[in-house]
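Enquirer: Next come a sequence and a model predicted from it.
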Amino acid sequence: MPATEIGRICVKTFGREKNRKCIIVDVVDENFVIVTGPPSITGVRRRRSNLEHLQATEEILEVKKGATDEEVVKAAEKAKKTAFLKSA
């Protein structure tokens, strides 16, 4: 399962946001991606993250590359994944 897929829900495994779920919204290179919680749901701010600090789940949201936090929230609500994202 490719961890660098846009829309892939991951769990942060390192840092202050450890054990919180986030969504990949862009791929920087083979080592880094841009993730967002979004903050209103999980508390994870949009930031660059090392792939070694993420654990991919089997869940995917339908979001486009570079989606805003508002678009991610709408996609999560549409897919009924907000409760899954909030759970640690």
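Expert: Nice, I can see it. Numbers count the residues shown, from 1 in each chain.
Enquirer: The lengthiest helix in the chain packs against which elements?
Expert: In the chain, with assignment by DSSP state H, the single longest helix is helix 69-78. Using 3 or more C-beta pairs under 8 Å, 6 or more residues apart in numbering; DSSP states H and E, the elements in contact with helix 69-78 are strand 21-27. Backbone N, C-alpha and C define where each C-beta goes, glycine included.
Enquirer: Which is the succeeding secondary structure element to the strand it packs on?
Expert: Sequence-wise, the next helix or strand downstream of strand 21-27 (DSSP states H and E) is strand 32-36.
Enquirer: what does that following strand rub up against?
Expert: For strand 32-36, contacts defined as C-beta atoms under 8 Å, 6 or more residues apart in numbering pick out 4, 10, 12, 22-28, 44-51, 54, 66, 69, 72.
Enquirer: Give me the pLDDT for the residue nearest to the spatial centre of the chain.
Expert: Nearest residue to the geometric centre of the chain (C-alpha atoms, centre = their mean): Ile23, 1.3 Å. Model confidence at Ile23, given as pLDDT, is 96.
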